[in-house]
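*Asks:* sequence first, then the predicted structure:
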Amino acid sequence: MAKQNIYDNETFFAGYSELRAREANANNLFEIPERFALLPDLADLRILDLGCGSGEHCMDYLNMGAKEVTGIDISEKMLSVAKEKNSAPGIRYIRMPMEDLDKLEGGFDLVISSLAIHYIEDYRGVVKNVRRLLVPGGEFIFSQEHPINTCHTGGDRWVRDETGYKLSAKVTDYAKEGERESVWFVDNVKIYHRSMSTVINVLIEEGFKIEKIVEPKPSEELLEKYPDYYDLYHKPDFLIVKAKAES
């Protein structure tokens, strides 16, 4: 099974780094605060961060009281930044694709993943391993591109009027699950589309209880400052899920 490592592509890594440096990017305004709002008290918890990237959130979790944080990522470039900028006693980084979680030993209280699950073909395999790695009652909190986005297969995703104003979002082939190719900094970036029902039902079937689902949208105050984010009233960018491992 293919294991994509797009973040070690020089062009992609440079483009992604520049995007994340912008204060008003969607991650900073929506995904990060909404995901952090779902976190339990982290005091003395053992945490696993799937697709930890440059490790800034591993450091955040440690500063919030976590006992131990393990970050895994497939990208050598991301882990190089993590080890340089976000190392501390109590944090360990492992170069490992999520598809190889069966090689990791368990006992974690909390597993977190930010915008990485949609790059994984074998979603059920990852969920099954996360359940194995969690202690009974442990929690799995993850974000991914929203299925309304991942179903898109190319071209302009918007219906526009004659001035270019976005009237609505196009949804095509939503029921056809599987690989999609997109252009994001480089050509042929692979993501995997799954319907909302698949995302949720696989969790339930593998022993999780759904605790909360979030589809972030802008507040009126945020729209006054960043009016372009009105797009999110047509379609959410992100899906964030909090699930608990059944005892």
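*Replies:* Now that the structure is in, tell me what you want to look at. Numbers count the residues shown, from 1 in each chain.

*Asks:* is Val111 in a helix, a strand, or coil?
*Replies:* strand (DSSP: H, G, I helix; E, B strand; the rest coil).

*Asks:* and the gap between it and Ile141?
*Replies:* Applying C-beta to C-beta, to the nearest Å, the value for Val111 to Ile141 is 8 Å. Where C-beta positions appear, they are placed from N, C-alpha and C, glycine not excepted.

*Asks:* looking at those two, which is more packed in?
*Replies:* Shown here are Val111 and Ile141; by other C-beta atoms under 10 Å, Val111 has more neighbours (26 against 22).

*Asks:* who does the more buried one bridge with?
*Replies:* Beta-bridge partners for Val111, by DSSP bridges, are Leu48, Phe140.

*Asks:* where does this protein dip in pLDDT?
*Replies:* Counting by pLDDT under 70, the chain contains low-confidence residues at 1-23, 183-188.

*Asks:* next up, the contacts around the most centrally placed residue in it.
*Replies:* Centroid check for the chain by C-alpha atoms, centre = their mean gives Leu115 as the closest residue, at 1.7 Å. Contacts for Leu115 (C-beta atoms under 8 Å, 6 or more residues apart in numbering) come out as 27, 31, 51, 143-145, 238.

*Asks:* ok, 6 Å please
*Replies:* The contact partners of Leu115, by C-beta atoms under 6 Å, 6 or more residues apart in numbering, come to Ser143.

*Asks:* does it belong to a helix, a strand or coil?
*Replies:* Leu115 ends up coil, using three-state DSSP.

*Asks:* now name the helix or strand holding the residue of the chain positioned farthest from its centre.
*Replies:* What lies farthest from the middle of the chain is Glu162; by C-alpha atoms, centre = their mean that is 35.2 Å. Using DSSP states H and E, Glu162 maps to neither a helix nor a strand.

*Asks:* could you give the bridge partners of Phe208?
*Replies:* With DSSP bridges applied, Phe208 shows beta-bridge pairing to Ala245.

*Asks:* hang on, it packs against Ser247?
*Replies:* No - between Phe208 and Ser247 there is no contact under C-beta atoms under 6 Å: 11.6 Å.

*Asks:* the more surrounded of the two?
*Replies:* Just comparing Phe208 and Ser247: by other C-beta under 10 Å the higher neighbour count belongs to Phe208, 23 against 9.

*Asks:* could you measure from the more buried one over to Pro40?
*Replies:* Phe208 is 15 Å from Pro40, by C-beta to C-beta.
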